[in-house]
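# Mind looking at a prediction? Sequence and model below.
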Amino acid sequence: MHMKKRRPVPIESIPPHILADIGRAVFGQHWQVPLAKTLKVHDRTLRRWANDGGPLELTEPLRVVLEERQKEIHRVLGALTELGEEAA
C-alpha cells in the first residue's frame, strides 16, 4: 500500500487538525463544503488546506464563524433555559 507523504505544515499556517476541529464544531462531521462556502473559497481549496494547513489570513474569518456559532448556541440555550423556568 502506497502512503501519500504529508508535507510539513509551515509555521505560518493554521494546522490541519485545528481547521478540522473548527469545521466540525461549526458544521458537524461533513464540514468541508459548508466551511468552504462560508469562507467563499472552492471546496478543493479547503480540502487542500485540510491536508496541508490553511493560511494565517483565515484566522480572523474563522474567529468570526466561531463567534457567530457561539452567539447562536447561547441564544438557543437561553430560550431552552426560559422554557425550563416556565415549566418549574
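Done, it's in.

# When you work out contacts or count neighbours from here on, use the C-alpha atoms and nothing else.
OK.

# Okay, now the unreliable bits of the chain?
Scanning the chain for pLDDT under 70 picks out 1-11, 88.

# what comes up buried for the host helix or strand of G78?
Assigned by DSSP states H and E, G78 falls within helix 59-87. The neighbour-count check on helix 59-87 (16 or more other Cα atoms under 10 Å) flags 62, 65-66 as buried.

# shouldn't R47 be in contact with P34?
No. The criterion here is Cα atoms under 8 Å, and R47 misses it with P34 at 11.7 Å.

# Quick one: residues contacting L58.
L58 sits next to I14 when contact means Cα atoms under 8 Å, 6 or more residues apart in numbering.

# how far away is it from L46?
Separation of L58 from L46 (Cα to Cα, to the nearest Å): 11 Å.

# now swap in G28 and tell me
In terms of Cα to Cα, G28 sits 15 Å off from L46.

# Name the residue in those two with the higher neighbour count.
Neighbour comparison, G28 and L46: the larger count goes to L46, with 21 against 13 (by other Cα atoms under 10 Å).

# contacting residues for the more buried one?
32-33, 35-36, 54.

# sorry, back to before: quick one: which of the buried residues of helix 59-87 is nearest to I14?
When those are compared for distance to I14 (Cα to Cα), L62 wins out at 10.4 Å.

# Run a quick neighbour tally on the residue nearest to that closest one when sequence neighbours are not counted.
Distances taken as Cα to Cα, 6 or more residues apart in numbering place I22 nearest to L62, at 7.7 Å, with adjacent residues excluded. Applying other Cα under 10 Å, we find 18 residues neighbouring I22.

# surely I22 meets L66?
Yes. Taking Cα under 8 Å as the definition, I22 is a contact partner of L66 at 7.4 Å.

# got the contact list for the helix or strand containing I22?
Per DSSP H and E: I22 is located in helix 16-27. The set of residues external to helix 16-27 that reach it, using Cα under 8 Å, 6+ apart, is 30-32, 34-35, 49-54, 62, 65-66, 69.
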